Every structure is written in C-alpha cells, then in structure tokens.
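okay, here's the prediction I keep looking at, along with the sequence it came from:
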Amino acid sequence: MARLIEIAAGISNQWSLAAFVVAAIIFLVLRIQTRKVSSIGWIAIVALVIVGIIPTLASTYLEKTRIVDRNRAIYHLRTIVLGPTATPVEDAKVWASASSEPKKIAGGWQFDIPEGSKPQDGKLTIYASVESAFLTGKSEVQLGEDRNPTISIRLRADTSASVRGIIIDAAGNGISGARVMVVGYDSEAVFTGTEGSFSLPAHAANRQIVRVHAQKTGYTAANEDCLAGDSPVTLVMTKR
C-alpha cells in the first residue's frame with residue numbers, strides 16, 4: 001500500500017492518475033479475492049496504465065513540436081527607406097535593435113528573424129541613415145501573427161549634435177562674457193563663462209560643419225567654421 005501511495009504522489013497528469021487509481025483498485029480487488037492476479041487482470045491493469053500514459057506522452061510530444069515550430073518560424077521584415085521628400089533611398093545604412101543582418105532586395109531591405117530570436121516583448125526598432133547627407137531615421141515594429149510585415153522609415157536631417165569650445169584673446173587667456181552663437185540661431189546665443197568656455201546646440205549632425213560667431217565690446221568679432229560634435233573649437237578675439 002505504501003508503495004502505491006508513493007507512486008501515485010509522483011503522477012501529475014490527471015488522466016494518468018485516474019488510470020493508475022483504477023488499475024490499483026482492480027489489482028487490490030483481484031488480490032483480495034483470489035490472492036493472486038489473473039492474466040486477464042494483468043491485461044486490464046496494463047491497458048489502463050497505457051491509456052493513462054498516452055495523454056502525458058501526447059502532451060509532451062505536442063509541446064516539443066510547438067517549440068520546434070516556433071524556432072523554425074521566421075519573420076520576413078521588409079523595410080523601405082524614404083528621404084525627406086518621401087522618395088525611396090537606395091544607399092542608406094540599415095540596421096536593427098536585435099541581432100539580425102539585413103539583405104538588399106528590390107525596393108528596400110529585408111530582415112529574416114527567427115521566432116526564437118525575436119525580442120521578448122516582440123518589439124523591434126529598425127534604424128536607417130545616410131551619413132554623407134547627415135540624414136537619420138528609425139521605425140518600430142511589433143512582431144506578431146504577420147510573418148511578412150513591411151515598414152517604412154522616413155529620413156530627416158540629424159540635428160542632435162552640439163558644439164562647444166573656448167573664446168580666447170591673442171595671449172591665450174579665456175574671455176568671459178563674450179556672446180557666442182551658431183550662425184542662423186541668434187536667439188540661442190550664450191555668454192562665455194569665467195574661462196571663456198561655451199556649449200551650444202549645433203542644429204547639425206556629428207561632424208557636420210557649422211559656423212560659430214563670437215562678439216564682445218572692445219574686441220573684434222570672430223567667426224569660425226567647425227565640426228559639430230565632441231571636438232572643441234577655439235575662437236581668438238583681439239582687442240581693438
């Protein structure tokens with residue numbers, strides 16, 4: 001009896017457990033009545049156990065099949081890149097937030113993403129840029145039932161960079177209180193600090209050339225074409 005209880009405790013599937021219970025009852029009844037189990041009794045017991053095991057085996061098989069199918073399923077994500085005037089762009093650089101390499105196809109790019117490789121939340125961001133034209137863009141897609149989704153990315157001028165530097169005199173000393181601006185954005189002008197330093201939105205992309213203008217009473221105005229981004233610029237102002 002203790003052995004039967006121990007076996008029953010290890011069965012989690014309800015159909016298997018039911019079959020085991022019925023088989024155990026038949027076994028005990030036959031055991032009590034005949035002091036032994038007949039061949040017919042054994043056949044009935046084995047049949048019930050098999051009936052109980054089949055649902056468990058089938059469930060396990062189906063679950064493994066679903067996992068294999070999910071891993072084999074592939075999303076074919078087509079990406080179309082459009083320029084600022086909504087015309088197709090063929091020479092863009094395209095990449096994804098998840099690890100997947102695009103391949104060039106007619107009219108755009110395609111990402112082949114296995115089901116097992118997609119992000120946990122199903123969201124994927126596709127980026128595109130044309131560095132020579134300082135254009136950039138991105139688009140987000142939710143990977144779901146559609147295995148062949150299509151998205152478009154509209155490129156716009158990249159204006160995310162800043163410009164920073166220092167204003168000095170002919171002797172190399174920082175000039176404080178000088179008014180500095182990116183030409184074309186006078187309303188965003190700033191005044192240099194005690195050491196002549198400044199930082200401004202460039203309204204341009206990294207390494208794009210912008211013109212910086214600085215002025216202060218008693219000094220000649222200075223203009224400098226410089227690269228937006230991390231490289232600092234130095235403007236020299238001389239006293240009048």
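Arrived safely.

contacting residues for the residue minimising distance to the centre of the chain?
For the chain, the residue whose C-alpha lies nearest the mean C-alpha position (Cα atoms, centre = their mean) is Ser97; its distance is 3.7 Å. Under the criterion of Cβ atoms under 8 Å, 6 or more residues apart in numbering, the contact list for Ser97 reads 119, 124-127. C-beta coordinates here come from the backbone N, C-alpha and C atoms, glycine included.

drop anything exposed from those residues.
Buried subset of those (neighbour count, 16 or more other Cβ atoms under 10 Å): 124, 126-127.

measure Lys138 to Thr125 for me?
Remark: distance between Lys138 and Thr125 (Cβ to Cβ, to the nearest Å) = 6 Å.

before we move on, what about Phe198?
When distances are taken as Cβ to Cβ, Phe198 and Thr125 turn out to be 34 Å apart.

now the residue nearest to Lys118 when sequence neighbours are not counted. Its backbone dihedrals?
Sequence neighbours aside, Leu143 is the residue nearest to Lys118 in space, at 5.0 Å (criterion: Cβ to Cβ, 6 or more residues apart in numbering). With angles defined as degrees, to the nearest 10, Leu143 shows backbone torsions of phi -80, psi 120.

same check, this time on Ser162
phi -130, psi 170.

right, and it touches His203 too?
No. Contact criterion Cβ atoms under 8 Å: Ser162 and His203 do not qualify, at 9.4 Å.

pick out whichever of the two has more residues nearby.
Summary of the neighbour comparison: Ser162 and His203, criterion other Cβ atoms under 10 Å, with His203 having more neighbours (18 against 15).

list the beta-bridge partners for Val210.
Taking DSSP bridges, one finds Cys226 as the beta-bridge partners of Val210.

who touches it in this structure?
Contact analysis of Val210 by Cβ under 8 Å, 6+ apart lists 163, 182-183, 202-204, 225-228.

the same query, at a cut-off of 7 Å, please.
Taking Cβ atoms under 7 Å, 6 or more residues apart in numbering as the definition of contact, the neighbours of Val210 are 163, 182, 202, 204, 226, 228.

look up how far Tyr75 lies from the third one.
Between Ala202 and Tyr75 the distance, using Cβ to Cβ, works out to 38 Å.

the fifth one too?
Applying Cβ to Cβ, one obtains 44 Å for the distance of Cys226 from Tyr75.

between these two, which has more neighbouring residues?
Taking other Cβ under 10 Å, Cys226 and Tyr75 do not tie; Tyr75 has more neighbours (22 against 19).

quick check: closest non-adjacent residue to that one.
Closest residue to Tyr75 in three dimensions, ignoring its sequence neighbours and counting by Cβ to Cβ, 6+ apart: Ile113, at 4.3 Å.

who does the helix or strand where Thr136 lies pair up with?
Thr136 is part of strand 135-142, with elements assigned from DSSP states H and E. In the sheet containing strand 135-142, its partner strands are strand 123-130 (antiparallel), strand 156-157 (antiparallel), by DSSP bridges.

packing partners for the helix or strand just after the shortest one?
Spelled out, it's strand 156-157. With elements assigned by DSSP H and E, the helix or strand that comes after strand 156-157 is strand 162-168. Taking 3 or more Cβ pairs under 7 Å, 6 or more residues apart in numbering; DSSP states H and E as the contact definition, the neighbouring helices and strands of strand 162-168 are strand 197-201, strand 209-215, strand 233-236.

in strand 162-168, what counts as buried?
Residues of strand 162-168 classed as buried by neighbour count (16+ other Cβ under 10 Å): 163-168.

that concludes my questions; thank you for your assistance.
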